[in-house]
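Asker: The sequence and its predicted three-dimensional model are supplied below.
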Amino acid sequence: MSEGSINDSQPASSTPIIGIIGPPCSGKSTVARHLESLGGVWLNADEIAKSQLDEPDVIAELKSLLGDSIQLSDGSLSRSRLADLVFGEDENSLARLRQLESVLHPRTRKILEARIADAKSDQQPFVILDVPLLLESGYRDTCDEVWCLQVDPARHEELLRSRGWDTDELERRSSRQWSWERKRSASTRVIPNNGTEDDLHRFVESQLDSVLRSE
């Protein structure tokens, strides 16, 4: 599939928003990156949120909430010290994480909304919305479609090991997420990732063709 064939099949006035969800280490970034190579605009909420940590007003607000220790002598934010404060299982760490999210999430959402509006104004072929906990965070109504990655258990264990995770880490990260059954029921399409990366690319291309033809 060529980028030209996608652009040719897409009506000028329509820019579908495709949300990507799935378990950790299921291939979401691989799918998003491939869709981007096919002409889409990839909006990565994690990267946007991380970029906000360099903003002086964000640093000042976090310092007021979490203390002076998170700021280095040059005025920048110590991400390692911030991580020590917010990533833990105790109640204080979880409370600090909620404070961090209360600062970053509204800013990230505002930037995402602006970039989606820009993509539509520029008549981009489609947008890939890559947001952690997309459904849980209330982004479902923003999307025209939600694609959910599905990985067989044995394959998933292999992918987790390649990331250096174990089942305990997966359970910790999954504790705030909807169940697979609930995510699947809220999704438009299920994207299996049980073969090679080429297999995944071909399936994604077929699904994208279907989306663009229906617009």
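Answerer: Cool, the structure landed.
Asker: Give me the phi and psi for the residue of the chain most remote from its centre.
Answerer: Note on the chain: the largest C-alpha distance from the chain mean falls to S73, namely 32.3 Å (CA atoms, centre = their mean). With angles defined as degrees, to the nearest 10, S73 shows backbone torsions of phi -60, psi -30.
Asker: how near is it to L97?
Answerer: 25 Å (CB to CB, to the nearest Å). Every residue, glycine included, has its C-beta placed from N, CA and C.
Asker: before we move on, what about P24?
Answerer: In this structure, P24 and L97 are separated by 17 Å, where distance is defined by CB to CB.
Asker: which one of these two has more residues nearby?
Answerer: P24 (17 against 14; other CB atoms under 10 Å).
Asker: Test my guess that that one contacts G164.
Answerer: No: when contacts are counted by CB atoms under 8 Å, P24 is not listed as touching G164 (11.9 Å).
Asker: Now name the helix or strand holding Q177.
Answerer: In the assignment (DSSP states H and E), Q177 maps to no helix and no strand.
Asker: what's the answer for G138, then?
Answerer: According to DSSP H and E, G138 maps onto no helix or strand at all.
Asker: If you tally nearby residues, what's the number for it?
Answerer: Each residue near G138 was counted by other CB under 10 Å, and the total is 11.
Asker: Phi first, then psi, for it.
Answerer: Note on G138: backbone dihedrals following degrees, to the nearest 10 are phi 90, psi 20.
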